[in-house]
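A.B. asks: Predicted coordinates and the sequence they were generated for:
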Amino acid sequence: MAIVLDTDSAFRRIKKWFAPGETPGSAQSASDLLRTWNREVDACAREQGGAIAARTRAAALIPLYGQMNAATRAEALNALAVQLKPDPASVHVAYTRYREAAGGEQEWDAEVQLREAMQSPRSAVVRLLGSAFGGVRFLVALRAEILDLIKTRPQLLALEAELATQLADWFDVGFLELRRIGWESPAHILEKLMQYEAVHEIHSWADMKNRLDGDRRVYAFFHPRLRDEPLVFVEVALTADIAGNVQLLLDESAPVFDTRRARAAIFYSISSTQAGLRGISFGNFLLKRVVEDLKRDFPKLEHFVTLSPIPGFASWLAKQALPQALKDALVTDWRADDKLAAEMRAPMMSLAAHYLRDAKHKGRPVDPVARFHLGNGARLERLNWLADVSDKGMKQSHGLMVNYYYDPDDIERNLEAFDADGTVASSGRLGRLAQVGQRMLEQGQRVPA
């Protein structure tokens, strides 16, 4: 199938991206790049000149794309998505034959033909790009761009889906390597941890060194084709008991804890690094592998538990029907007001418990961190008051944090119940708090001091 790109129309769309006064020469260069991209993508899809020539062309597409500006890239992606779609007539014929053959001797042959008809030429180009040197890294970045564009360019949906499917195969957990990262790790790896840390910002090299000290662990998954790029990493603290305050946990001035006394492993941060791998989950496998590693090194560990943010709580609470006194208090900084903090503790703990256990969308918790951990078989264990008094912690959750508990004896049962109907496992105390919070909202009662 040859690509028939309306280059003049694409060129007109690109010119709109340029500010008044920019020279038309740059736009003409963009038009030339598009023509070359169009021609070479078409040749790749048809394997013009044979398989080796197609691979060579695909490898050349990567630096070609790198020469394009944002507007030209968007048009190049549009061409790949629209002009290399499955042939509708072939799909219609194959589907009709499959429908007529269903239940008969020819059903399976008809299914094969339908699958072949549905296979788009662009998927062949995606595989060729992935086989090139640096191709997997390129496709991960490409999908990140597409995810940003897709709201205004729905024609990219099928291309994004094909990329997601291919990347999910290539990044299957069986291909990933678990590494422990230490202070002696290469500097460029440590710099990436500082760059990608999404939960608790790493403020300095001293802060980084503290997180890699003798009573700390950092583990990451790596892929053979992106050996210098951690895909997802988790930070762990070894403690005597379940931690309830992240500022104390990350205090650089605190002495190094004697790990011979460790009974709890606290997972206090997990961060994904690649926007292009969004929706391809391996964070849950990372936690399981890390638990196995820690149990081997520290056989006396009894508790595997998170100290997690509640990122959606404050925005959710702002939309609820609350007594005016409570609404007024929510905009007050009670970090410096002990009396107000004491008055707010009981109602806020109850409302947060209700939010985590009962606030759902399509049968799943609305809070993304809750969705992740409960979907991995953890249980809601304990809420912690003023556990993160950073500006970020106060803004997103009014300073509250939560412990998710991973009990090896209950993980499978919790996971099955959550998958079946969204049942959230919780400790008795947190469950009782959730009931109180639910009644507060249902009855519209004034929250007691």
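C.D. replies: Alright, I've got the coordinates. No experiment lies behind these values; they were computed from the predicted model shown.

A.B. asks: Can you give me the domain assignment for this structure?
C.D. replies: 7-85+120-170, 173-306, 313-443 (automatic domain parsing).

A.B. asks: and the end-to-end length of the second one?
C.D. replies: In this case it means domain 173-306. 22 Å (CA to CA, to the nearest Å).

A.B. asks: before we move on, back to that, export the domains of the chain to TSV and tack on mean neighbour count and distance to Ala101?
C.D. replies: Every C-beta, even on glycine, is put in place using the N, C-alpha and C of the backbone. Shown next, in TSV, are these (neighbours: other CB atoms under 10 Å; distance: least, CB to CB, whole Å):
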stretch	mean neighbour count	distance to Ala101
domain 7-85+120-170	17	23
domain 173-306	17	34
domain 313-443	18	35
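
A.B. asks: Show me where the stretch 101-250 of the chain dips below the pLDDT cut-off.
C.D. replies: For the stretch 101-250 of the chain, no stretch is flagged by pLDDT under 70.

A.B. asks: residue ranges for the helices of it, please.
C.D. replies: 107-118, 121-131, 135-149, 157-170, 187-196, 205-211, 246-249 (DSSP state H, counting those that start in this stretch).

A.B. asks: what's the closest of the ones you listed to Pro365?
C.D. replies: helix 246-249 (21.0 Å; CB to CB).

A.B. asks: Next one: the closest residue to Leu351 other than its chain neighbours relative to Phe372, how far apart?
C.D. replies: Nearest residue to Leu351, sequence neighbours excluded (CB to CB, 6 or more residues apart in numbering): Gly437, at 4.4 Å. Distance, Gly437 to Phe372, by CB to CB, to the nearest Å: 22 Å.

A.B. asks: What of Glu105?
C.D. replies: Relative to Phe372, and taking CB to CB, Glu105 is found at 47 Å.

A.B. asks: Also Pro230?
C.D. replies: Here the criterion is CB to CB. By it, Pro230 lies 18 Å from Phe372.

A.B. asks: Out of the helices of the stretch 101-250 of the chain, which is closest to Tyr219?
C.D. replies: Closest among the helices of the stretch 101-250 of the chain, once you apply CB to CB, is helix 187-196, at 11.2 Å.

A.B. asks: for the closest one, packing partners?
C.D. replies: Where contact means 3 or more CB pairs under 8 Å, 6 or more residues apart in numbering; DSSP states H and E, helix 187-196 is packed against strand 177-181, helix 205-211.

A.B. asks: what's the spacing between the longest one and its chain's center?
C.D. replies: What separates the centre of helix 205-211 from the centre of its chain is 25 Å, taken as CA atoms, centre = their mean, to the nearest Å.

A.B. asks: can you pull the contacts of the residue lying closest to Val218 once chain neighbours are set aside?
C.D. replies: Once flanking residues are discounted, Val218 sits nearest to Ile181: 4.5 Å by CB to CB, 6+ apart. Listed by CB atoms under 8 Å, 6 or more residues apart in numbering, the contact partners of Ile181 are 189-190, 193, 212, 218-220, 230, 233.

A.B. asks: Adding distance to His361, write those residues out as CSV.
C.D. replies: As requested, these are arranged in CSV below (distance: CB to CB, whole Å):
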residue, distance to His361
Ile189, 37
Leu190, 37
Leu193, 32
Leu212, 37
Val218, 32
Tyr219, 31
Ala220, 31
Pro230, 30
Phe233, 28
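
A.B. asks: nearest to Val140, of those?
C.D. replies: Closest approach between these and Val140, by CB to CB: Pro230, at 13.0 Å.
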